[in-house]
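Peer 1: how does the following fold in three dimensions:
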Amino acid sequence: MTDVRAIILAAGKGTRMKSETPKVLHTVAGRPVIAYVLDIVRSLKTFVVVGHGAEKVRAALGDGLTYVVQDQLLGTADALRRVAPLLKGFRGHVLVLCGDTPLLEKQTVQRLLAQHRRSRADATVLTAHIHDPRGYGRILRDAGGRISAIREQKDASPREARITEINVGVYCFQAQKIFDVLRRVKWNARKKEFYLTDVIEVLLARGGRVGTVLAGDASSAFGINTRVDLARAERVIRMRILSKLMLEGVTIVDPATTYVGTGVKIGRDTVIYPCTVIDRDVVVGKNCRVGPFAHLRPGTRVGDHVEIGNFTEVSRSRVGKNTFMKHFSFLGDAALGADVNIGAGTVTANFDGRTKNRTTISDGAFIGSGAVLVAPVTIGKKAVVGAGSVVTKGKNIPAGAVAFGVPARIVGAGLKPARTKG
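Peer 2: Here you go, the predicted structure:
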């Protein structure tokens with residue numbers, strides 16, 4: 001869409017968050033709030049208006065975006081004015097979004113843009129009907145049902161305050177019209193800023209055409225202003241993630257106590273038990289069993305037919321197919337082959353005080369309960385480490401060997417016990 005430019009407003013202080021972190025960088029389901037908005041406009045040339053914590057926002061979002069600094073926080077209309085010099089001569093459409101609306105969905109914005117194109121309006125506003133409209137701008141309509149203004153909460157009369165149709169804060173504008181009209185927006189003495197919402201009345205007074213699109217899901221309107229809002233958004237996004245997984249063939253025994261990050265991939269017929277946390281950047285194969293009380297951290301890759309049981313943690317590790325890790329164990333920076341048994345209480349001691357080190361456990365190895373593997377170390381194919389043993393740093397156990405003791409010593413070969421699930 002070469003005739004569309006996106007502008008994300010992300011300059012505000014977010015004072016009600018009571019935080020040194022810019023509001024748009026607080027996380028929901030493991031990602032910054034603004035990242036969800038950026039997902040919507042990923043294919044568009046995008047401008048991000050930054051102000052409070054500008055350098056932190058730049059550092060978090062990286063290159064590929066054009067940053068525009070609002071050095072004085074004089075309101076949303078002023079923020080949009082700052083982009084005008086960079087779009088001089090542009091005659092397409094400008095899509096404006098707020099950086100603190102993580103629940104906004106791409107299909108809703110696509111519908112807004114499509115309606116804006118069809119109607120050839122000068123401005124199209126996304127609206128929603130919500131039960132409690134406090135804090136939101138109200139949509140005022142004339143006798144014919146057409147939008148006549150957007151009234152902010154502080155300026156609303158008692159009658160206007162009872163209106164439940166609110167402004168979501170997402171707009172499509174004809175670029176040439178909006179940048180001309182912005183110069184005519186007046187200072188709001190009560191709020192001490194220039195309201196972007198005032199452009200609606202200015203446009204209409206100059207004979208412009210303004211339309212609206214109603215969001216099908218009222219949660220699209222939800223913006224982040226407090227930590228309470230952050231928790232509410234977290235619940236909605238996590239439920240969206242879990243619903244998608246369940247519809248793809250994953251069993252989530254108790255969605256209320258299961259936390260799965262964005263972008264996680266889980267294969268069909270896998271069962272996730274209660275009180276399990278699966279962070280972003282995790283892949284779990286088919287027909288697995290995970291939990292209860294398991295934690296899979298970023299960088300973990302789990303093969304098919306794997307069981308990772310209660311009170312276990314796996315971090316930055318690869319677990320091969322048909323492997324069992326049933327109870328009270330930790331794998332960090334480890335590479336496990338297929339058909340490995342990890343006994344209860346096993347720990348890979350990956351951190352030496354300065355660096356994280358790698359543990360390799362080869363196909364068919366059997367690690368007894370309570371074993372400690374001090375990385376870097378390699379356990380060979382079909383090797384056995386006895387219960388309670390400590391395999392010290394660099395003391396590799398050859399294929400087929402049996403090691404036991406503190407520190408572990410090779411005591412035999414070919415003694416591998418029968419493998420059981422547990």
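Peer 1: only C-alpha atoms from now on, for both contacts and neighbour counts.
Peer 2: OK.
Peer 1: neighbours of residue 286, how many?
Peer 2: By the criterion of other C-alpha atoms under 10 Å, residue 286 has 19 neighbours.
Peer 1: in this structure residue 164 contacts residue 138, no?
Peer 2: Yes - with contact taken as C-alpha atoms under 8 Å, residue 164 and residue 138 are classed as touching, separated by 7.1 Å.
Peer 1: which one's more surrounded, the two?
Peer 2: The residue with more neighbours, out of residue 164 and residue 138, is residue 138; 26 against 18, by other C-alpha under 10 Å.
Peer 1: the more buried one contacts residue 150, correct?
Peer 2: Yes - Residue 138 lies in contact with residue 150 (C-alpha under 8 Å); the separation is 5.5 Å.
Peer 1: need the overlap of contacts for the two.
Peer 2: Jointly contacting residue 138 and residue 150 under the rule C-alpha atoms under 8 Å, 6 or more residues apart in numbering are residue 167.
Peer 1: hey, where'd the helices end up in this protein?
Peer 2: With DSSP state H as the definition, the chain shows helices at residue ranges 33-40, 54-61, 76-81, 106-119, 158-161, 175-182, 199-205, 227-247.
Peer 1: most packed of these?
Peer 2: helix 76-81 (a mean of 22; mean count of other C-alpha atoms under 10 Å).
Peer 1: what's next to it, contact-wise?
Peer 2: Residues external to helix 76-81 that are found in contact with it (C-alpha under 8 Å, 6+ apart): 7, 9, 11, 49, 70, 73, 179, 182-183, 185, 193-197.
Peer 1: who wins on neighbours among the residues you listed?
Peer 2: The residue in the contacts of helix 76-81 with the most neighbours, by other C-alpha under 10 Å, is residue 11 (28 neighbours).
Peer 1: and this structure, what are its domains?
Peer 2: Following automatic domain parsing, one finds the domains of the chain at 4-221, 244-413.
Peer 1: pick out the shakiest of those, pLDDT-wise.
Peer 2: The minimum mean pLDDT among the domains of the chain belongs to domain 4-221 (a mean of 93).
Peer 1: can you say which of the domains of the chain is nearest to residue 234?
Peer 2: In terms of C-alpha to C-alpha, the element of these nearest to residue 234 is domain 4-221, at 5.2 Å.
Peer 1: now the end-to-end length of that closest one.
Peer 2: Domain 4-221 stretches 22 Å from its first residue to its last (C-alpha to C-alpha, to the nearest Å).
Peer 1: how about stretch 326-345?
Peer 2: For stretch 326-345, by C-alpha to C-alpha, the gap between its terminal residues amounts to 9 Å.
Peer 1: and if you look at stretch 236-256?
Peer 2: Stretch 236-256 end-to-end distance (C-alpha to C-alpha) = 11 Å.
Peer 1: so what's residue 265 bridging to?
Peer 2: Here residue 265 shows beta-bridge partners residue 283, assigned using DSSP bridges.
Peer 1: any idea how far it lies from residue 319?
Peer 2: Distance, residue 265 to residue 319, using C-alpha to C-alpha: 15 Å.
Peer 1: pick out whichever of these two has more residues nearby.
Peer 2: Summary of the neighbour comparison: residue 265 and residue 319, criterion other C-alpha under 10 Å, with residue 319 having more neighbours (28 against 16).
Peer 1: does the more buried one touch residue 299 like I think?
Peer 2: No - the pair formed by residue 319 and residue 299 falls short of the contact definition of C-alpha under 8 Å, at 11.2 Å.
Peer 1: wait, residue 265 sits on residue 279?
Peer 2: No - using C-alpha under 8 Å, residue 265 makes no contact with residue 279, being 10.6 Å away.
Peer 1: TSV please, covering the domains of the chain and showing distance to residue 230.
Peer 2: Rendered in TSV, the data for those read as follows (distance: least, C-alpha to C-alpha, whole Å):
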stretch	distance to residue 230
domain 4-221	7
domain 244-413	15
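Peer 1: tell me which of these is the most buried.
Peer 2: Greatest burial across these, using mean count of other C-alpha under 10 Å, falls to domain 244-413, with a mean of 21.
Peer 1: from the chain's centroid, how far away is that domain?
Peer 2: Distance of domain 244-413 from its chain centroid, counting by C-alpha atoms, centre = their mean, to the nearest Å, is 25 Å.
Peer 1: straight-line length of that domain, end to end?
Peer 2: First-to-last residue span, domain 244-413, C-alpha to C-alpha: 48 Å.
Peer 1: what does stretch 337-344 give?
Peer 2: Between the opening and closing residues of stretch 337-344 lies a distance of 18 Å (C-alpha to C-alpha).
Peer 1: ok, back up a step: now distance to residue 91 too, for the helices of the chain, in JSON lines please.
Peer 2: Putting the helices of the chain into JSON lines (distance: least, C-alpha to C-alpha, whole Å) gives the following:
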{"stretch": "helix 33-40", "distance to residue 91": "22"}
{"stretch": "helix 54-61", "distance to residue 91": "28"}
{"stretch": "helix 76-81", "distance to residue 91": "16"}
{"stretch": "helix 106-119", "distance to residue 91": "13"}
{"stretch": "helix 158-161", "distance to residue 91": "35"}
{"stretch": "helix 175-182", "distance to residue 91": "6"}
{"stretch": "helix 199-205", "distance to residue 91": "17"}
{"stretch": "helix 227-247", "distance to residue 91": "36"}
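Peer 1: nearest to residue 376, of these?
Peer 2: Closest to residue 376 of these, according to C-alpha to C-alpha: helix 54-61, at 32.6 Å.
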